[in-house]
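> need the 3D shape of this:
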Amino acid sequence: MSKRILVIDDEESLRDLACTCLEDLGGWETISAQSGYEGLLQAQDDVLDVILLDVSMPDMDGFQFYEQIKANPKTHQIPIILLTAKVLPDDYKRFAQLEIVGIINKPFNPLLICEQIAQMLGWSE
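Below you'll find the predicted structure:
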């Protein structure tokens with residue numbers, strides 16, 4: 001059965017690249033959202049196996065999205081992998097306090113992203 005992944009990133013080209021890699025190389029189904037708000041709506045409506053979440057976004061950043069998704073009984077169990085370009089020392093402290101599966105740094109390697117996600121979630125290849 002195919003995995004369903006929600007990719008939330010405000011950068012369209014990066015979001016499209018991630019979705020293409022996950023579909024073509026991983027054989028997974030992707031849903032994309034360009035903002036945290038859009039992502040919250042998608043997470044409500046769809047059964048998801050994981051959320052790939054950009055940390056730096058306008059309006060609602062990854063941390064605000066995380067708080068809302070975890071506060072909702074319908075979505076709190078969905079695993080989250082952060083997708084981030086700028087990781088500051090303080091961010092690592094914040095990340096350590098979150099229930100996240102892992103972090104993928106941007107720019108990510110398109111050939112390795114499926115393997116990274118599968119390893120983090122214990123999905124066998």
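> gap between the lengthiest helix in the chain and the chain center?
In the chain, taking DSSP state H as the definition, the longest helix is helix 12-24. For helix 12-24, the distance from its own C-alpha centre to the chain's C-alpha centre is 12 Å (C-alpha atoms, centre = their mean, to the nearest Å).
> what is it packed up against?
strand 4-8, strand 29-33, helix 113-121 (3 or more C-beta pairs under 8 Å, 6 or more residues apart in numbering; DSSP states H and E). C-beta here means a position set from N, CA and C on the backbone, and glycine is covered the same way.
> okay, those in a markdown table with mean pLDDT next?
Formatted as a markdown table, the helices and strands packed on helix 12-24 follow (pLDDT from 0 to 100):
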| stretch | mean pLDDT |
| --- | --- |
| strand 4-8 | 98 |
| strand 29-33 | 97 |
| helix 113-121 | 97 |
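> residues in contact with the residue of the chain most remote from its centre?
Going by C-alpha atoms, centre = their mean, the residue of the chain most distant from its centre is Pro89, 20.8 Å out. Not one residue lies near Pro89 by C-beta atoms under 8 Å, 6 or more residues apart in numbering.
> show the model's pLDDT score for it.
On pLDDT, Pro89 comes in at 77.
> again, but for Ser2
Confidence at Ser2, expressed as pLDDT, is 90.
> secondary structure element for it?
Using DSSP states H and E, Ser2 sits in no helix or strand.
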